[in-house]
Structure formats: C-alpha cells, structure tokens
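Trainee: just to be clear, the model below is a prediction. Sequence and coordinates:
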Amino acid sequence: MKDKKGVIAECEPTNYLFSHSRSCKGCNYCKPMKPTEEKGKKIGVMFSSQRDNWKTPQGFYKALDSEFNFDHDPCPSKPKEDGLISSWGGCSFVNPPYSDISNWMKKGFEEWKKGKTIVFLIPSRTDTRWWHEYCMKATEIRFIKGRLKFDDQKNSAPFPSALVIFKSL
C-alpha cells in the first residue's frame, strides 16, 4: 500500500510481483522462510522438496505437447539411457531430477546451441546460480500461476514451477 506521499508503506503482493518497502523489517511477505512444526516435528521449509523426481501432470504435458510436438524425453520416469550423456531429439521435454538441475540445464543449453528446441519444467528457483547461468539465456520463461499437482497427488507441490524454453534458432 502507498502512504499519503505515494511511498510504499507496507509490502504487498500484486499479481505475480511483490512491492517492497525500503524500510521493511520482515513483513509477512519478506520474512525468511522458517521451518514449520507439527506436534514437535519439523515438516520442512516452504519451497523445498523431500523428493527428487516429480512426474509431470498428464494434462499439463499434453497441452505442451500439442504446442511443441515433442519427440524426445531425456529423463523419463523409467530411463533406459543416461540423458546427460546421450544426444537429445529435435524437440525435447525435460522434467529433470531436482537434485541435479544444474547439470540438466547445462546439457539442455548445449543441445539448444546445436539447433534443438528444449522445454524444461523446473522449480522456479530464481535465486540459484543455474537459473542465472542458463535460464536467463532462454528464449522464453513462463511462470506457472499457482502450484502444480504432480503424480496425481492430493496436494500441490511445495514449490512454484516455471517453463524454461530454449527455441531452436
């Protein structure tokens, strides 16, 4: 909100962006995330994940496939080869193991430089080195509103997601 002088008096979310006050000392939007507790047990930190692989929701994948016509998935749920070593198809969909995103982003970036289209579904972790080293060089980034429900789970993922698209040149 803005005060009478037009200065942001309190931090607040507006659509996808946050407006922050210079004098913020830790409002609900700016506070560092702290572990939550339930009956004395730590549950985890918001935006973190206890899992490595998150199976792409089928409807979400089908919508992307109709747009991009994927011909390769270098990291399927039951891999037959190492996607970090093998050559990728002309248009690849990549939902990488989240514990090794940096190496998958590097490989995807290298494949894109060979003239291929690569579409990543990844956690939106804009504070990481791999995000700035690779994602910021993408031809398009789509931030997904809300949180995806992976593997037909009852609850949504504990992190926001993004599509990072490297379109062939």
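Mentor: Cool, the structure landed.

Trainee: kindly check the end-to-end length of stretch 94-106 for me.
Mentor: Separation of the first and last residues of stretch 94-106 by Cα to Cα, to the nearest Å is 12 Å.

Trainee: what does that stretch rub up against?
Mentor: 49, 51-56, 73-75, 83-84, 108, 118-123, 125, 128-130, 133-135, 164 (Cβ atoms under 8 Å, 6 or more residues apart in numbering). Any C-beta I mention is one placed from the backbone N, CA and C, and that applies to glycine too.

Trainee: residue 119 contacts residue 61, correct?
Mentor: No: between residue 119 and residue 61 there is no contact under Cβ atoms under 8 Å: 10.2 Å.

Trainee: the two: which has the busier surroundings?
Mentor: Legend: neighbour count by other Cβ atoms under 10 Å for residue 119 and residue 61, higher for residue 119 (23 against 16).

Trainee: so how far is residue 100 from residue 90?
Mentor: Counting by Cβ to Cβ, to the nearest Å, the gap from residue 90 to residue 100 is 24 Å.

Trainee: give the buried residues for the biggest helix by length in the chain.
Mentor: Looking across the chain with DSSP state H, the single longest helix is helix 101-113. In terms of neighbour count (16 or more other Cβ atoms under 10 Å), helix 101-113 has its buried residues at 101, 104-105, 107-109, 111-112.

Trainee: show me where the protein has strands.
Mentor: Ranges of strands in the chain, per DSSP state E, are 12-14, 17-19, 36-38, 41-44, 91-94, 117-123, 140-143, 161-166.

Trainee: let me see the mean pLDDT of the longest one.
Mentor: Just to be clear, that refers to strand 117-123. What strand 117-123 shows for mean pLDDT is 95.

Trainee: do the same with the fourth one
Mentor: Per-residue pLDDT values across strand 41-44 average out to 38.

Trainee: picking up where we left off before, for the longest helix of the chain, give the mean pLDDT please.
Mentor: 97.

Trainee: may I see the buried residues of stretch 154-167?
Mentor: So, applying 16+ other Cβ under 10 Å, buried residues of stretch 154-167: 157-166.

Trainee: and those residues, which two are furthest apart?
Mentor: 158 and 166 (26.5 Å; Cβ to Cβ).
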